[in-house]
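> Need a 3D model of the sequence below.
(2 chains)
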Amino acid sequence: DAGVTQSPTHLIKTRGQHVTLRCSPISGHKSVSWYQQVLGQGPQFIFQYYEKEERGRGNFPDRFSARQFPNYSSELNVNALLLGDSALYLCASSLDGVATDTQYFGPGTRLTVL
Amino acid sequence: AQSVTQLGSHVSVSEGALVLLRCNYSSSVPPYLFWYVQYPNQGLQLLLKYTSAATLVKGINGFEAEFKKSETSFHLTKPSAHMSDAAEYFCAVIKAGTALIFGKGTTLSVSS
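Numbering: from 1, shown residues only, chains lettered A, B, ... in the order given. All right, here's what the predicted structure looks like:
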């Protein structure tokens, strides 16, 4: 079975632009979470979605938004990009989005903001 | 509030030596704890998880971790390091039901 897939792999944007990152979960998984990993740090939680509803939100500004589609894929949108948004953005999927579920991570999207 | 602290940002061992990566947690409720590994330019892979069952948890690739409530620790060990174990290791705790809170990571280097 295919794992979690993310697109694009790499992305270069300039300050002030908008970006959309995409994630397809493992087949049968209904929950998707997004994390930001700045170089040299551990991933930080941004959002979790389950059955198209936002279930959790981390400490990120309103410039960050996300949604989940009926096929359980998800998009992460970031508006008004700042240099500090440069990071690896990771998507994780899990079966039912409960605490004991294993979260399976995709390879990430490397975003560079110039 | 739940959090984890990884002691030592970099650990170096020789091939065949014991691997010990340290993680201490802070939690007001019984925690669910995880160890993930990240190879260069890749996502994270789950090594093992503790979800209130057996305190000694066995994971993939010969790794194991022991949950010690009295020490608030969840250290990761492997009896004999292999060159392929060189990677970044993250300890994590679940917060608010579903969000993983990660430590800053420990880079494991293995020399021949």
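> which ones are touching the spatially closest residue to A:P70 that is not a sequence neighbour?
Distances taken as Cβ to Cβ, 6 or more residues apart in numbering or on different chains put A:K52 closest to A:P70, at 6.8 Å, once the chain neighbours are dropped. C-beta coordinates here come from the backbone N, C-alpha and C atoms, glycine included. A:K52 is in contact with A:67-70, counting by Cβ atoms under 8 Å, 6 or more residues apart in numbering or on different chains.
> Using CSV, please lay out the residues you listed together with secondary structure.
What follows is those, written out as CSV (DSSP: H, G, I helix; E, B strand; the rest coil):
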residue, secondary structure
A:R67, strand
A:Q68, strand
A:F69, coil
A:P70, coil
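> Now which of those residues would you call buried?
Neighbour counting over the contacts of A:K52 (16 or more other Cβ atoms under 10 Å in any protein chain shown) leaves A:Q68 as the buried ones.
> With respect to chain B, which of the contacts of A:K52 is nearest?
The shortest approach to chain B among the contacts of A:K52 belongs to A:Q68, at 13.8 Å (Cβ to the nearest Cβ).
> The closest one: what's it in contact with?
A:32, A:49-53, A:74.
> Near the residue nearest to it when sequence neighbours are not counted, how many other residues are there?
Nearest non-adjacent residue to A:Q68, counting by Cβ to Cβ, 6+ apart: A:Y49, 3.9 Å away. A count of nearby residues for A:Y49, using other Cβ atoms under 10 Å in any protein chain shown, gives 23.
> What of A:L88?
Neighbours around A:L88, by other Cβ under 10 Å: 21.
> Provide a list of residues in contact with it.
A:36-37, A:39, A:108-111.
> so the closest residue in space to A:T9 that isn't next to it in sequence bridges to which residues?
Spatially, and ignoring its direct neighbours in sequence, A:T9 is nearest to A:T109 (6.5 Å; Cβ to Cβ, 6+ apart). Beta bridges link A:T109 to A:Y89 when assigned by DSSP bridges.
> who's in contact with A:T109?
A:6-11, A:21, A:88-89.
> Could you measure from it over to A:Q36?
The gap separating A:T109 from A:Q36 is 10 Å, by Cβ to Cβ, to the nearest Å.
> quick revisit: A strand includes the residue nearest to A:Q68, no?
Yes: checked against three-state DSSP, A:Y49 lies within a strand.
> From what I see, it and A:R55 are in contact.
Yes: using Cβ atoms under 8 Å, A:Y49 is in contact with A:R55, at 6.4 Å.
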